[in-house]
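K.L.:
I'd like to go over a predicted model; first the sequence, then the structure.
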Amino acid sequence: QVQLVESAGGLVQAGGSLRLSCAASERTFSRYTIGWFRQAPGKEREFVGIISFSGLSTYYADSVKGRFTISRDNAKNTVYLQVIDLELEDTAVYYCAASEVQWTVLTTGRQGMFDYWGQGTQVTVSS
């Protein structure tokens, strides 16, 4: 079983940037596709993007393309979510999740396809 821990959220000014981390406990972490999701206040959790087990492929929701970048370092069992030009609407709890489901299925962003989830990290963007 993979345990995921997100970190590096916090209070950030609009227009700024941040990098979230998702650290895994499992040495077989490199075989999982990792996804990022977020849940804004009063809204349902939404898909942000995914990165393949090798790190060679990424896929993003249209709403975040251009500002969000997912990367991974399998040697460190860690996946990152870099966000630039933060907007007030980016305020949310951000979650990472792991899956071994086929890539094309995961690009649909269906949360039920992810087996393991972190506890989330709060990102608050201020004006």
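P.N.:
Ah, there it is. Numbers count the residues shown, from 1 in each chain.
K.L.:
List the residues that contact the residue nearest the centre of the chain.
P.N.:
Residue closest to the mean C-alpha point of the chain, counted by CA atoms, centre = their mean, is residue 36 at 2.2 Å. Contact analysis of residue 36 by CB atoms under 8 Å, 6 or more residues apart in numbering lists 20, 22, 48-50, 68, 70, 79, 81, 94-97. Using the backbone N, CA and C atoms, a C-beta is placed for each residue, glycine as well.
K.L.:
Residue 57 now?
P.N.:
51, 103.
K.L.:
what number of residues lie near the spatially closest residue to residue 3 that is not a sequence neighbour?
P.N.:
Ranked by CB to CB, 6 or more residues apart in numbering and with sequence neighbours excluded, the top spatial neighbour of residue 3 is residue 25, at 4.1 Å. Neighbour count for residue 25, taken as other CB atoms under 10 Å: 12.
K.L.:
so the closest residue to residue 60 other than its chain neighbours is in which element?
P.N.:
Excluding the flanking residues, the one nearest residue 60 by CB to CB, 6+ apart is residue 49, at 3.9 Å. For residue 49, the host element (DSSP states H and E) is strand 46-51.
K.L.:
Against which helices or strands is that strand packed?
P.N.:
Using 3 or more CB pairs under 8 Å, 6 or more residues apart in numbering; DSSP states H and E, the elements in contact with strand 46-51 are strand 33-39, strand 58-60, strand 68-73, strand 78-83.
K.L.:
As a quick check, tell me the outermost residue of the protein.
P.N.:
Here the centre of the chain is the reference, and by CA atoms, centre = their mean the most remote residue is residue 127, at 23.3 Å.
K.L.:
Alright, I will stop here.
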